[in-house]
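*Asks:* Fold the following for me, if possible:
(one chain, ligands or ions: 1)
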Amino acid sequence: MIREWKRCFELSTKDTTYVFRARPNGLLEHVYYGEKIDLFGKAGSPEGLTEGASEKLADGQAEEFAVKLAESQVEALTEKQAFAPGNSLCYDQEDKSFSPEYCALECSAAGKGDVREPMAEVIGKDGVRTLDFVYESHEISTGKQPFQTLPGSYDEAGKVQQLKVILRDSWQQLKLELYYWVYEDCNVISRSAVLVNEGGSPVTVERLLSFLTDLDEDDWIARSFTGAWTREMHENRIPLTGGKYVLSSSTGTSSNRANPFFFLEKRDTSEDHGTCVGFHLIYSGNHYEAMEVNPYGKTRVVSGINPQGFSWHLEPGERLETPEAVMTFSAAGRNGMSKNLHAFVREHIVRGKWKKKERPVLLNSWEAFYFDFNESKLLKLAETAKSVGIELFVLDDGWFGKRDDDTSSLGDWTENKKKLPGGLKGLAKKINAMGLDFGIWVEPEMVNVDSDLYRAHPEWVLEVPGKAHSEGRNQRILDLSNPDVQQYMIDEMSRVFSSANISYVKWDMNRVFSDAYSQALPKERQGEVVHRYQMGLYRCMKELTEAFPEILFEGCASGGNRFDLGILCYFPQIWASDDTDALCRAEIQNGYGYGYPQSVIGAHVSSCPNHQTLRVTPLETRFAVACFGVLGYELNLIDAKKEDLEAIKVQIALYKEWRSVLQFGRWIRGKSFTGSQDGHGVSNLWDGAGNLQEWYCVSEDRTREFIALLQRFAIPNSHSIRLRARALDPERIYQFTNRELKYNVKGFGDLVNTVAPIHVKQDSLLHNMVAKFVKLDGETENYLLRGDVLMRGGVNLKQPFGGTGYNDQVRYYPDFGARLYFVEAQENKEA
Ligand code: GLA
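*Replies:* You can find the predicted model right below:
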């Protein structure tokens, strides 16, 4: 709900409230963000109130008291200044006590005494850079219009409330519109800003961020996610002190270097307790986030398009939109924040047919064959895939032009007839005949210099003519700031997508921007190229996803180099990382999980030794990690051992049984490999923080829960573990079981001789024979429990292998081990 009272704005969600006001001098002052409060009580203006909230006051006396209370509460919360402090500046002659630098603000531009991060920088009339945006008016309404140039959140139910505050710098003749959208159901407030040039001459916008807010207090800890190729979403924990902490991307994509999602927490915040404020940006290009602690106890947070390399020529009458930024507050720790954001992404970002539809289990050909395949190899792989329960066969890179490596053919989207004599159509037919859906890989934004497209249209590429180009994977970027190139891409991809029965598309993007010069734009607009590229890309994605609503699109950019809410407005899932090593993935996916739900995270089981790390992890662990995303397989199943194929078949069957919970249930984190619970290091001798990772996934109706317990290193002579389920109905009766497994004796090495009647030499023929016929029973767990007992008391799990003996009462738990547990409500049984 949004209420306004005496130019003070109260934005409330289910559990939170956000307050700011226009000061008498017209500057916007940030007042409060935190747990829900009722600031105006019955005095709040009915303007914009939702149904039922507009209570009429009974009599004059009550009204007088309500007004007194509201006035007193607003006054209590706002900042007091009797004298401008120290050498800070006072804003104007009328109020010499007021210094913008001292105050918590809601919007601030450079040049009027606030020396912190500005929201806007403009070279305006006569080259003047000073900006002074003051309150002019506001409007409260219901519903949200789509952006003209960018993707944004939406509300199918039409219940989202909007507050538009108009600020004006009348000297510069600039209007700044601040938008707030309140998603009550998931405790999210999103924001954006639009700048309009109302003057008679053009201005140059050097910075226009999406939002600015000054949080109370200066003791926040920034939690950010940085990385590189195959090392996405590495968790950082930065206690903020004086100065700035900046996250940004200048790769041209939202990037694996610094994801635009981040959050702030307090020292005592944990996964389940304490204060947490999360931020997202609905944008896939260069972004910028700064957290700045000032000397007066405030923490400024800003986010938006990266001003580095950006400038925008704004003609009279033109407007510039900024990407939508998302905020959520949680008093229930990081899991509380994630709950809000997961619900927001699922309900208000992802759209289309696949929004709530279960995603198929796919097999991707990349790590199976790379570029080296032909139709008969693909068909054999597909046949094996079908036999283990795969539903969708995806042909990755290498099917077009003369592409046998990464040096040529991007841009030439016609089938390589040597590899695929019947083309995509012929292959799709054969794959479909096996009962599998068919999907392809494309990289539509790119072109190789060695391609017919580049030879025909060198002017369609981002490069500086005549100047040596910085290379990346031998490819260049198409100039999507040029509408002709956008149209070409839409037409070309439409042709490809309708050339065969294609039900899935992996849309890749594999290089960092360099030499970003557009031959289609004039000199004064070259600072717009990278942002115009994004707008062009969004246009292409919008038109293609609308033209092909049945296709499941998966975003990708060298793995997770463009994992953000902008992409998710069009594609319901994104390939999270080219790193398929289970241990790395456990950390990478845990990182994504803070801000993104599992239904948007592509995750595959691959072969071992792993192609990125050469590490060998158990197949069970690879599955346990990948099933907490959208599960796929990416390995040469033709070469897989029979016992692995059998295991994969059982995994896929299990996944299908639990798919609705695993893809759309509530994902909760327990302990994690990054040890974020208590910050202790990892030890090979102690099962402390960092050695175990716990993931829980609970169905919406709280009747089913899927739990994975992952381990980094085996600890000898270890202690028991008490596993507590999450978010169940305390009153219900549940069955707690584990995944029953059988183990290969070879996993016990020459310990086999402690029980074998004759000596068995390791890896001998005899050892292999024994291994073939003798399987060791794993432990079983089976309990009937009330929800409260299961959540609060927990299950004391069977003893892990500790070096003193093994039987079916012992948990086989080697390095990189994983165990899966299931909780299911007993039909209609209440305690
Ligand atoms: C990128 C992707 C991979 C694969 C290759 C193909 O690296 O992230 O998954 O599709 O391209 O060239």
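
*Asks:* Which stretches in the stretch 201-350 of the chain count as strands?
*Replies:* All strands of the stretch 201-350 of the chain, identified by DSSP state E, counting those that start in this stretch, fall at 203-216, 221-226, 234-239, 243-248, 262-265, 276-281, 287-293, 298-305, 312-314, 319-321, 325-330.

*Asks:* mind putting those strands in a markdown table, distance to the ligand, mean pLDDT and mean neighbour count included?
*Replies:* The C-beta positions use only the backbone N, C-alpha and C, and glycine is treated the same way. Converted to a markdown table, the strands of the stretch 201-350 of the chain look like this (distance: least, Cβ to the nearest ligand atom, whole Å; pLDDT from 0 to 100; neighbours: other Cβ atoms under 10 Å):
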| stretch | distance to the ligand | mean pLDDT | mean neighbour count |
| --- | --- | --- | --- |
| strand 203-216 | 28 | 97 | 23 |
| strand 221-226 | 18 | 97 | 20 |
| strand 234-239 | 18 | 94 | 15 |
| strand 243-248 | 23 | 97 | 17 |
| strand 262-265 | 24 | 98 | 24 |
| strand 276-281 | 22 | 98 | 26 |
| strand 287-293 | 21 | 98 | 23 |
| strand 298-305 | 25 | 98 | 24 |
| strand 312-314 | 32 | 98 | 21 |
| strand 319-321 | 30 | 98 | 18 |
| strand 325-330 | 26 | 98 | 27 |
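
*Asks:* closest one to residue 479 among these?
*Replies:* Of all the strands of the stretch 201-350 of the chain, it is strand 312-314 that lies closest to residue 479, at 17.5 Å by Cβ to Cβ.

*Asks:* which other helices and strands contact the closest one?
*Replies:* Where contact means 3 or more Cβ pairs under 8 Å, 6 or more residues apart in numbering; DSSP states H and E, strand 312-314 is packed against strand 203-216.

*Asks:* Quick one: residues in contact with the helix or strand where residue 734 lies.
*Replies:* Per DSSP states H and E, residue 734 falls inside strand 732-738. Strand 732-738 is contacted by residues 702-703, 705, 725, 728, 779-787, 790, 795, 819-826, 829-831 when judged by Cβ atoms under 8 Å, 6 or more residues apart in numbering.

*Asks:* moving C-terminal of it, what's the next helix or strand?
*Replies:* Following strand 732-738 toward the C-terminus (DSSP H and E): strand 742-744.

*Asks:* That next one - which strands sit beside it in the sheet, and in what orientation?
*Replies:* When pairing is defined by DSSP bridges, strand 742-744 lines up against strand 775-777 (antiparallel).

*Asks:* Could I get the average pLDDT for the helix or strand following the strand it pairs with?
*Replies:* Using DSSP H and E, the helix or strand that follows strand 775-777 in sequence is strand 782-786. Strand 782-786 shows a mean pLDDT of 98.

*Asks:* quick one, strand 782-786 and strand 732-738 angle?
*Replies:* Angle of strand 782-786 versus strand 732-738, following axes from the mean of the first three to the mean of the last three Cα atoms, to 10 degrees, is 160 degrees.

*Asks:* The following helix or strand past strand 782-786 - contacts with which helices or strands?
*Replies:* The first helix or strand that comes after strand 782-786 along the chain, using DSSP H and E, is helix 787-788. Here helix 787-788 touches strand 732-738, going by 3+ Cβ pairs under 8 Å, 6+ apart.

*Asks:* Partner strands of the strand it packs on, with direction?
*Replies:* For strand 732-738, using DSSP bridges, the partner strands are strand 782-786 (antiparallel), strand 818-830 (antiparallel).

*Asks:* Any idea how far the shortest one is from the middle of the chain?
*Replies:* Relative to its parent chain, strand 782-786 has a centroid offset of 35 Å by Cα atoms, centre = their mean, to the nearest Å.

*Asks:* List the buried residues in it.
*Replies:* For strand 782-786, burial by neighbour count (16 or more other Cβ atoms under 10 Å) applies to 785-786.

*Asks:* do stretch 155-173 as well
*Replies:* Buried-residue list, stretch 155-173, by 16+ other Cβ under 10 Å: 155, 160-163, 165-169, 172-173.

*Asks:* what's the distance between whatever residue of the stretch 101-250 of the chain ends up closest to the ligand and residue 473?
*Replies:* The minimum distance from the stretch 101-250 of the chain to the ligand, using Cβ to the nearest ligand atom, falls at residue 229 (8.1 Å). Separation of residue 229 from residue 473 (Cβ to Cβ, to the nearest Å): 11 Å.

*Asks:* can you check residue 307 too?
*Replies:* Distance of residue 307 to residue 473, computed by Cβ to Cβ: 28 Å.

*Asks:* what do you get for residue 182?
*Replies:* 43 Å.

*Asks:* Could you check which residue of the stretch 601-750 of the chain lies nearest the ligand?
*Replies:* residue 634 (8.1 Å).

*Asks:* go on, the chain?
*Replies:* Closest point on the chain to the ligand, by Cβ to the nearest ligand atom, is residue 397, at 3.5 Å.

*Asks:* ok so that residue is a strand residue?
*Replies:* No: Residue 397 is assigned coil when assessed by DSSP: H, G, I helix; E, B strand; the rest coil, not a strand.

*Asks:* And the pLDDT at it?
*Replies:* Value for residue 397, per-residue pLDDT: 98.

*Asks:* Same question for residue 813.
*Replies:* Here the pLDDT value assigned to residue 813 is 92.

*Asks:* who's in contact with the closest residue to it other than its chain neighbours?
*Replies:* Distance criterion Cβ to Cβ, 6 or more residues apart in numbering; nearest residue to residue 813, sequence neighbours excluded, is residue 800 at 4.4 Å. Residues counted as contacts of residue 800 (Cβ under 8 Å, 6+ apart) are 714-715, 718, 721, 810-811, 813.

*Asks:* is it true that residue 415 touches residue 398?
*Replies:* No: counting by Cβ atoms under 8 Å, residue 415 sits too far from residue 398 to count as a contact (10.8 Å).

*Asks:* returning to what we had before: what's the closest of the strands of the stretch 201-350 of the chain to residue 376?
*Replies:* strand 234-239 (41.6 Å).

*Asks:* re earlier: return only those of the buried residues of stretch 155-173 found close to the ligand.
*Replies:* Counting by Cβ under 6 Å from any ligand atom, nothing from those sits close to the ligand.

*Asks:* okay if I get those as JSON lines plus secondary structure and pLDDT?
*Replies:* Below are the buried residues of stretch 155-173 laid out as JSON lines (DSSP: H, G, I helix; E, B strand; the rest coil; pLDDT from 0 to 100):
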{"residue": "155", "secondary structure": "coil", "pLDDT": "98"}
{"residue": "160", "secondary structure": "coil", "pLDDT": "98"}
{"residue": "161", "secondary structure": "strand", "pLDDT": "98"}
{"residue": "162", "secondary structure": "strand", "pLDDT": "98"}
{"residue": "163", "secondary structure": "strand", "pLDDT": "98"}
{"residue": "165", "secondary structure": "strand", "pLDDT": "98"}
{"residue": "166", "secondary structure": "strand", "pLDDT": "98"}
{"residue": "167", "secondary structure": "strand", "pLDDT": "98"}
{"residue": "168", "secondary structure": "strand", "pLDDT": "98"}
{"residue": "169", "secondary structure": "strand", "pLDDT": "97"}
{"residue": "172", "secondary structure": "coil", "pLDDT": "96"}
{"residue": "173", "secondary structure": "coil", "pLDDT": "97"}
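
*Asks:* how far off strand 818-830 does the longest helix anywhere in the chain point, in degrees?
*Replies:* The helix that spans the most residues within the chain, counting by DSSP state H, is helix 642-664. Relative orientation of helix 642-664 versus strand 818-830 (the same axes, to 10 degrees): 50 degrees.
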